[in-house]
Every structure is written in structure tokens, then in C-alpha cells.
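Asker: got a predicted model here, sequence first, then my questions.
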Amino acid sequence: MQNEQGHDVLREPGPRPWSVRFSVLDRSRTREGHQPAEALRDTVELARAVERLGYHRFWVAEHHGVPGVAGSAPTVLAAAVAAATRTIRVGTGGVMLPNHQPLVVAEQFGVLESLFPGRIDMGLGRSVGFTDGVRKALGRDKDAAGSADYAAQLDELLGWFRGTSPTGVHARPSEGLTVPPFVLALGEGAAIAARAGLPLVIGDLRNREKTRHGIDRYRETFRPSVWAAEPYVVVSGTVAVAPSPEEARRLLLPEAWSMAYARTHGTFPPLPPAERVEALTMTARERGFYESGLTGHIAGTEDQVAGELRTLVEETGAQELLITTSTYDRTALLDSYRRLARVAGLVPT
């Protein structure tokens, strides 16, 4: 359904329609006892499932050298997802621009857009590898993610699509194509998105004040561009929906423990089953990180999640919600997205 301005209006059970789109980000998390190849195939299958449920976008992420994440080549994985689906928009959340030459990124998205016209999104971040070893392997250092460098890389990347590169080189088949760019950011990154006139993807549900401040700065300083005539805000966060609050919280346990383990042992492991996490004897430091990892998310029954999401949208003025959920139990994960689709009014109750 569309409003008078041609924007999608998604309905939830209840008296008021949602004025936001609902989308999904999947990080191809590996699970204990399973191979990375299974995680990648799970990502493709999840994309098919959420397409059937009516979600607007499906994005994949970029991580390097992380035992718990199989998604290291987002444009390759996006191609597999786009080939396996028909209507859902497909993109990256995101390609970490400091890790790549802008020309190569432009070419990759040009190929994707040529193969799947009108369905490709270009989500761009500025993180570099998590460890010195990964950064060395990528040929980058910590300074590669600096704001000035990132802004210049972003400008160069967009120039390849517009044919404005001063080198005399032309990006093929990218030049002349329109692939919607998004900036994944917090803090200064939001200002970069505003100056470039690009949609903003922002998410830190553990610090709502920081998120709102970033969004306010973005809207106040936004400069219209050929890519976006007005600010567009996508708020990203973890959401888990289940028949009871206890079951929804249980979906969060594997990711919370993986984060706690990474903070205390220096490596991010595959997701363990929730029952194994519940049986663990944690050190005080591990317990502190673990409990912290369970906060700042939206989890509960359909009614509870609907209320919390309504508040989030009212607080941020977001035009879109990008949902990411990671857990060991794939059946429960799919059920969570199915329940969220009912909350969003994407499928009948």
C-alpha cells in the first residue's frame, strides 16, 4: 500500500499504520558444530524467507578473520542472495570502504546492478580489521578509517558512477548507473553522510541519546544531493520476538556470550546453543560483559515489541528499521522474523 507521496505504508495490527519500512541485516554468524559454508547457505535461505514475509531489504555484512562470522565478501554474498530472490532489495551493511579501492567497489556494485537492476543497495562503512594481523593482511592500519580519508574515498566512489573521475578512467559497467548509497555511521560519520547528501544508517540502541544526537546532527546539516533530496534515516538494532519474554531473551544468549568471550579472550567465537550458555560458570569479568550484552536490545512478545518499536520510531523519526538478530536456533530465528512481520503488518495476523 502507498500514500499520496508514493511512499510505502506498512500496517500493523491496531489503529495506526506504520510509516516505516522494515528490513533485515544478516551477518552470516557461524554456529558451534557447523561449518562456515552452512552459515552462508543459511543467509541465502533467510533472505528467501524474509522476502516471502514482505521485508523491504536484505543486507549482508563484511568481517575478516573472525571465527564466528562467515561473511567476509559482502558483494559476492549479495550476488548469491540476489540470484536466489526475486523482489526484495539486496545490499551490504556494509562494505568497509577503507579496506578497498573505490574503483573496485564501484565496479562490483556496477556488476550487481547490471545483473539485478533496480534491486541493489550500496551500504558503506568505515571500519577496518579488528586486529593488527587482519589490518596488516588487508594492507591497512587504524588510521585508514579517519574521517577525512573516508570522506575522500566516498566522494571518489560516487564519482565513478557519475563519470567525474579526473583520471580519465571510466568505471565499467558502473558509470551512469544509479545504485543507492547509504552511510553506516555514528558520530562524525553522520556528519559525513549529511555533507554528502546520503541516507544514514545508524544504530546504538544501548545509547539512545547518542543515536538521537547523531540523527539530529545529520538532519540539521544535511545537504541535498543527486542521491537524496532530503534526509533519510535507517535505525538498526537487534530485535527478538517470541511467544514469551523469557523465550525472546533466550534468543539473545548465544550472541551475548560470544561478545563476552571476545572481550575477555580476544577472539569472536561461533554461536553456542543457549542451553550451553545457561550452564556456563563465568568469571566475574565475563559475567559483566555478558549481562551488558543482553541490554539495549528489543526483545519480547509481539505486543511488547510493537510498543517498543513504536517508541523507537517516535524518538528517532526513522523512515526505516534495519533489524539484525543472531542466535544458534535457526528455527527460532525464523519464527522471530515471522512474528516481527506480523507486528509490522507485512503478513496477516
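Answerer: Okay, I see it. What you see is a predicted model; the values in this text were computed from it and never measured.
Asker: contacts and neighbour counts: CA atoms only from here.
Answerer: Fine.
Asker: burial count for the nearest residue to Pro181 once chain neighbours are set aside?
Answerer: Of all residues not flanking Pro181 in the chain, Met122 sits nearest, at 4.6 Å (Cα to Cα, 6 or more residues apart in numbering). Using other Cα atoms under 10 Å, Met122 has 22 other residues around it.
Asker: look at Thr85 and say how many residues are nearby.
Answerer: Thr85: 18 surrounding residues under other Cα under 10 Å.
Asker: before we move on, the earlier item: show me what the helix or strand hosting the residue nearest to Pro181 is packed up against.
Answerer: In the assignment (DSSP states H and E), Met122 maps to strand 120-125. Strand 120-125 sits against strand 89-92, strand 95-96, helix 102-115, strand 181-184, with contacts defined as 3 or more Cα pairs under 8 Å, 6 or more residues apart in numbering; DSSP states H and E.
Asker: save those as TSV, and put in mean pLDDT too.
Answerer: Listed next are these as TSV, based on pLDDT from 0 to 100:
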stretch	mean pLDDT
strand 89-92	98
strand 95-96	92
helix 102-115	97
strand 181-184	96
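Asker: now the strands for the chain?
Answerer: Ranges of strands in the chain, per DSSP state E, are 10-11, 17-18, 21-26, 57-60, 89-92, 95-96, 120-125, 181-184, 200-202, 233-241, 298-300, 320-324.
Asker: so for stretch 322-334, what gets flagged as buried?
Answerer: Buried residues in stretch 322-334, counted by 16 or more other Cα atoms under 10 Å: Leu322, Ile323, Thr324, Thr325, Ser326, Thr327, Tyr328, Asp329, Ala332, Leu333, Leu334.
Asker: distance to Tyr55 added to those, as TSV?
Answerer: Formatted as TSV, the buried residues of stretch 322-334 follow (distance: Cα to Cα, whole Å):
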residue	distance to Tyr55
Leu322	10
Ile323	10
Thr324	13
Thr325	14
Ser326	17
Thr327	20
Tyr328	22
Asp329	21
Ala332	18
Leu333	15
Leu334	13
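Asker: could you export these as JSON lines, including pLDDT and distance to Ala284?
Answerer: Formatted as JSON lines, the buried residues of stretch 322-334 follow (pLDDT from 0 to 100; distance: Cα to Cα, whole Å):
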{"residue": "Leu322", "pLDDT": "97", "distance to Ala284": "33"}
{"residue": "Ile323", "pLDDT": "97", "distance to Ala284": "31"}
{"residue": "Thr324", "pLDDT": "96", "distance to Ala284": "28"}
{"residue": "Thr325", "pLDDT": "96", "distance to Ala284": "26"}
{"residue": "Ser326", "pLDDT": "96", "distance to Ala284": "24"}
{"residue": "Thr327", "pLDDT": "97", "distance to Ala284": "24"}
{"residue": "Tyr328", "pLDDT": "97", "distance to Ala284": "24"}
{"residue": "Asp329", "pLDDT": "97", "distance to Ala284": "27"}
{"residue": "Ala332", "pLDDT": "98", "distance to Ala284": "30"}
{"residue": "Leu333", "pLDDT": "98", "distance to Ala284": "29"}
{"residue": "Leu334", "pLDDT": "98", "distance to Ala284": "33"}
